[in-house]
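> Have a look at this prediction, sequence included:
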2 protein chains.
Amino acid sequence: MAKTRLERYADLIVRVGANVQPGQVVFVTSPLEHAELAREVTRSAYRAGARYVDIVYQDAHAQRAMIEAAPENALTETQSWSLARLEGLLDGGAQIGILGEAEPDLFADLDQTRVGKARPVEQVRRYLAGVNNRELNWTLAAHPTAGQAEAMFGEPDVERLWEAVAYSVRLDEPDPVAAWSVHADRLRLRAARLDALQLDAVHFAGDGTDLTVGLLDGSRWRGGGLSTQSGIYHVPNLPTEEVFTCPDHRRTEGVVRSTRPLALGGTVVRDLELRFARGRVVDVSASSGADAVRAQLEVDDGAAALGEVALVDGASRVGRTGLTFFDTLFDENATCHIAYGTGVVFALAELPEGTPEELRKRGVNVSAVHTDFMVGGADVAVDGIGRDGRIVPLIREDEWQLAT
Amino acid sequence: MAKTRLERYADLIVRVGANVQPGQVVFVTSPLEHAELAREVTRSAYRAGARYVDIVYQDAHAQRAMIEAAPENALTETQSWSLARLEGLLDGGAQIGILGEAEPDLFADLDQTRVGKARPVEQVRRYLAGVNNRELNWTLAAHPTAGQAEAMFGEPDVERLWEAVAYSVRLDEPDPVAAWSVHADRLRLRAARLDALQLDAVHFAGDGTDLTVGLLDGSRWRGGGLSTQSGIYHVPNLPTEEVFTCPDHRRTEGVVRSTRPLALGGTVVRDLELRFARGRVVDVSASSGADAVRAQLEVDDGAAALGEVALVDGASRVGRTGLTFFDTLFDENATCHIAYGTGVVFALAELPEGTPEELRKRGVNVSAVHTDFMVGGADVAVDGIGRDGRIVPLIREDEWQLAT
């Protein structure tokens, strides 16, 4: 019997995304609303030889109740059992995160300072350290919902959204696994071309943006998949269209205007504008959701500085749909983006050692926050600035300017 | 604004059932399908002063995938993080379990030996020990589903089921909390009357049953609520109509025929008949589900002996509905029941100390299993047998024969 679309998607997530190995324990996180996909992923993971599949279903309404009513100092607590599960994951497990907010505006009427603050800081920090140290094979993938379709199309046309998702993740290909192999190779080649340019900074200009992002000596451009320290090649995002690197968090200057709305866990941030001086955000404005961003930026020292810069052009599959998905996983793969918060350390040529303070002194940002937002578009020119001062056009009118 | 029925039910569960104390962490477990009630319980718990509410959503379809495909020795494993969560619960937490199987026959076509085997043995054992030591304030309550209504009425009439549930748990009373206080007092009085009789055994006869259950010296009859060691009074089951005690697991003799179907986690057991000799099940038959029962009885030494005997008459609220709920929480409160597996140690006058082996030598059963099934009905006479050999009629034609 031919596999259903959902089964083929689950297989792609398990075999290409996380690349689950026989005998692994697989840790799935999924909003309640996506149980259908979580179950299909579970079946696929057992077919791939998983020893055990552990699903944590997340409930945004329970989170809302906590933000509304829990004592202030409980908002940032890490539960010992959540940390124990994370240690289980980092002890040889695979992770699959299913994304897609059924009600993107669910927290919009809440105290945005509490919305931004509510996160288990110790757990997030340990998780990000594990990701940076390449301790786990992981992937994130989205599942279409009526709420997302409503936000995108003005009507809950889930089938139309499914078609856009299937196209974006190459499920329309006769052999999606082979198509992903070709695609990942192309992204790796693009990253290698960028490395060869020996850039010192990237400059974004146009549409209200004039931002220079200083790059880190020793950082490389990455794209496609990653390998864990134990050698498991996995694709952390489905879809992925980006090449990205870790910037020097001390050398961001200028102003950046977000080009797409940002769904920030229950609050949609619109028209976000950040001003940077000597690497740090010194001014935040937005037509909605500014307080949620401000609360995030105050979580710790590293939150208000950049940790990632990523380049994507309009020829990407997601870009070609012409859609805003109100889901960062997709929207960040339609166009260039940057992230405030912890640095993508796995982009460095060699994993740096040292305390968070030592890393930050060497330009590698460390934080319990990592929030991507979209800054590219047809009116935003992207240039590379070489160590010799040479200007290299990278993207013009949403088109990649280098070969490949 | 008047509270909805669901809000009033959630308040009953939180304030009467678990009796959540200010500052407690509340551990909720709920099948996915009951998120509506789990969320309402969460809000109610925060209103009662909970520090944090931790929900684990259970997915029967993921469990099915595990039973189908996980390696044999993974079926009984306890995950370290599940044990860590349990330790968190036993360290001053409250527990609320939401019950109600949306698809009671979901595991019916699976290998019943694997169905019966699939349980995290170490975790269940630790949990039952915590319950027996009265380390937590806990409650179980059910949530109506279309699947259950379909099984009960032949059509998915959830509203009709809700009315039966609301009546059974006294939500129809103007002040359900006060009504529960009166009801719990009545059950405590009934238990005290039984204690005064100084029974040595209970005898069930009729409708294919002829069973003598020897009682344990030092065991008491219990009913209504329980107090934790730290003094929190809670009502472990909503509804509860039973008075129960811990039998001597070595002294069960005869044959017992179950009077109602038993929903055993995905398999409905019908027409169960067990034969006991010197306390142990020596023969199992059923028109469906016998293998699932057999697999449970093989989990450990204590599984095949009794751990509870409970008396309920037809005048109970659940009994008066005249319905079979296909949910043990309700069906066991419509009629007399017994349980194979671990003993209800909290029924003893003094908590016994010792290893499981020592406890079993003293007649207190210990197991990772505890499965109640219904043995009472209009045609089953229940007698007490005094230590002096005197016969005391307890229930005739579903009517309680003692005062109160």
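Happy to help now that I have it. Numbering: from 1, shown residues only, chains lettered A, B, ... in the order given.
> residue ranges of the helices in the stretch 51-200 of chain A, please?
For the stretch 51-200 of chain A, the helices identified by DSSP state H, counting those that start in this stretch occupy A:60-69, A:80-90, A:112-117, A:121-132, A:146-153, A:158-168, A:176-196, in order along the chain.
> can you list those helices in TSV and add mean neighbour count, distance to chain B and mean pLDDT?
Bear in mind the C-beta positions are built from the backbone N, C-alpha and C, glycine included. Listed next are these as TSV, based on neighbours: other Cβ atoms under 10 Å in any protein chain shown; distance: least, Cβ to the nearest Cβ, whole Å; pLDDT from 0 to 100:
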stretch	mean neighbour count	distance to chain B	mean pLDDT
helix A:60-69	19	4	97
helix A:80-90	19	4	97
helix A:112-117	21	13	86
helix A:121-132	18	12	90
helix A:146-153	19	15	88
helix A:158-168	18	19	94
helix A:176-196	17	21	93
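> okay if I get those as JSON lines plus distance to residue A:326?
Formatted as JSON lines, the entries for the helices of the stretch 51-200 of chain A read as follows, by distance: least, Cβ to Cβ, whole Å:
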{"stretch": "helix A:60-69", "distance to residue A:326": "14"}
{"stretch": "helix A:80-90", "distance to residue A:326": "27"}
{"stretch": "helix A:112-117", "distance to residue A:326": "17"}
{"stretch": "helix A:121-132", "distance to residue A:326": "23"}
{"stretch": "helix A:146-153", "distance to residue A:326": "5"}
{"stretch": "helix A:158-168", "distance to residue A:326": "11"}
{"stretch": "helix A:176-196", "distance to residue A:326": "24"}
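> Which one, of those, ends up nearest to residue B:64?
Smallest distance to residue B:64 across these (Cβ to Cβ): 22.1 Å, for helix A:80-90.
> That closest one - contacts with which helices or strands?
Contacts defined by 3 or more Cβ pairs under 8 Å, 6 or more residues apart in numbering or on different chains; DSSP states H and E place helix A:80-90 against strand A:25-31, strand A:52-58, helix A:121-132, helix B:80-90.
> For the stretch 101-250 of chain A, which residue gets nearest to chain B?
Scanning the stretch 101-250 of chain A for the residue nearest chain B gives residue A:120, at 10.2 Å (criterion: Cβ to the nearest Cβ).
> what about that residue, neighbour count?
Residue A:120 has 18 neighbours, counted by other Cβ atoms under 10 Å in any protein chain shown.
> thought it was touching residue A:75?
No. The pair residue A:120 / residue A:75 is not scored as a contact, 9.2 Å apart, by Cβ atoms under 8 Å.
> Now do the contacts for the residue of the stretch 101-250 of chain A closest to chain B.
Contact partners of residue A:120, counting by Cβ atoms under 8 Å, 6 or more residues apart in numbering or on different chains, are A:76, A:77, A:78, A:79, A:82.
> In PDB, list the C-alpha atoms belonging to stretch A:127-141.
Taking C-alpha atoms only, stretch A:127-141 is exported to PDB below (Å, rounded to 0.1, in the frame of the first residue of the first chain):
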ATOM      1  CA  TYR A 127      20.100  22.300  26.100                       C
ATOM      2  CA  LEU A 128      21.800  25.000  24.000                       C
ATOM      3  CA  ALA A 129      25.200  23.900  25.400                       C
ATOM      4  CA  GLY A 130      24.400  20.300  24.200                       C
ATOM      5  CA  VAL A 131      23.400  21.600  20.800                       C
ATOM      6  CA  ASN A 132      26.500  23.700  20.600                       C
ATOM      7  CA  ASN A 133      28.700  20.800  21.600                       C
ATOM      8  CA  ARG A 134      27.000  18.600  19.000                       C
ATOM      9  CA  GLU A 135      25.900  16.100  21.600                       C
ATOM     10  CA  LEU A 136      22.700  15.000  19.900                       C
ATOM     11  CA  ASN A 137      21.200  14.400  16.500                       C
ATOM     12  CA  TRP A 138      18.100  16.600  16.300                       C
ATOM     13  CA  THR A 139      15.600  18.100  13.900                       C
ATOM     14  CA  LEU A 140      12.700  20.500  14.000                       C
ATOM     15  CA  ALA A 141       9.800  20.200  11.600                       C
END
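> Which residues does it contact?
Contacts to stretch A:127-141, defined as Cβ under 8 Å, 6+ apart, come from residues A:9, A:12-13, A:17-21, A:37, A:86, A:89-90, A:93-99, A:169, A:226-229, A:232, A:234-238, A:329, A:342-346, A:351, A:367-368, A:370.
> Apply 7 Å and report the result again.
For stretch A:127-141, contacts defined as Cβ atoms under 7 Å, 6 or more residues apart in numbering or on different chains pick out A:13, A:17-19, A:86, A:89-90, A:93-99, A:226-229, A:232, A:234-238, A:329, A:342, A:345-346, A:351, A:370.
> what about residue A:256, helix or strand, and which?
If you go by DSSP states H and E, residue A:256 is part of strand A:247-257.
> Check the residue in the stretch 201-350 of chain A that chain B sits nearest to and give its pLDDT.
For the stretch 201-350 of chain A and chain B, the shortest gap (Cβ to the nearest Cβ) falls at residue A:266, measuring 14.6 Å. Predicted confidence (pLDDT) at residue A:266: the value is 74.
> Tell me how far it lies from residue A:107.
Separation of residue A:266 from residue A:107 (Cβ to Cβ, to the nearest Å): 3 Å.
> same check, this time on residue A:360
Here the distance between residue A:360 and residue A:107 works out to 30 Å (Cβ to Cβ).
> So between those two, which is more surrounded?
Neighbours of residue A:360 and residue A:107, each counted by other Cβ under 10 Å, are more numerous for residue A:107; the result is 25 against 19.
> List the residues that contact that one.
Residues counted as contacts of residue A:107 (Cβ under 7 Å, 6+ apart) are A:64, A:67, A:115, A:265, A:266, A:267.
> how about the first one, what does it touch?
So that's residue A:64. Residue A:64 is in contact with A:106, A:107, A:110, counting by Cβ under 7 Å, 6+ apart.
> one more time with 8 Å, if that's ok
Contacts here follow Cβ under 8 Å, 6+ apart; on that basis residue A:64 touches A:106, A:107, A:110, A:266.
> ok, so of the contacts of residue A:107, who is nearest residue B:158?
Relative to residue B:158, and with distances defined as Cβ to Cβ, the nearest of the contacts of residue A:107 is residue A:64, at 25.3 Å.
> Need the overlap of contacts for residue A:266 and residue A:107.
Residues touching both residue A:266 and residue A:107 by Cβ under 8 Å, 6+ apart: A:60, A:63, A:64, A:115.
> re earlier: so which of the contacts of residue A:64 is surrounded by the most neighbours?
Per-residue neighbour counts (other Cβ under 10 Å) across the contacts of residue A:64 peak at residue A:107, which has 25 neighbours.
> how close does the residue nearest to residue A:317 when sequence neighbours are not counted sit to residue A:334?
Nearest-residue entry for residue A:317: residue A:168, 5.0 Å, with adjacent residues in sequence omitted and distances by Cβ to Cβ, 6 or more residues apart in numbering or on different chains. Relative to residue A:334, residue A:168 is positioned 9 Å away (Cβ to Cβ).
> Mutual contacts of these two, please.
Overlap between the contact sets of residue A:168 and residue A:334, as judged by Cβ under 8 Å, 6+ apart, is given by A:318, A:321.
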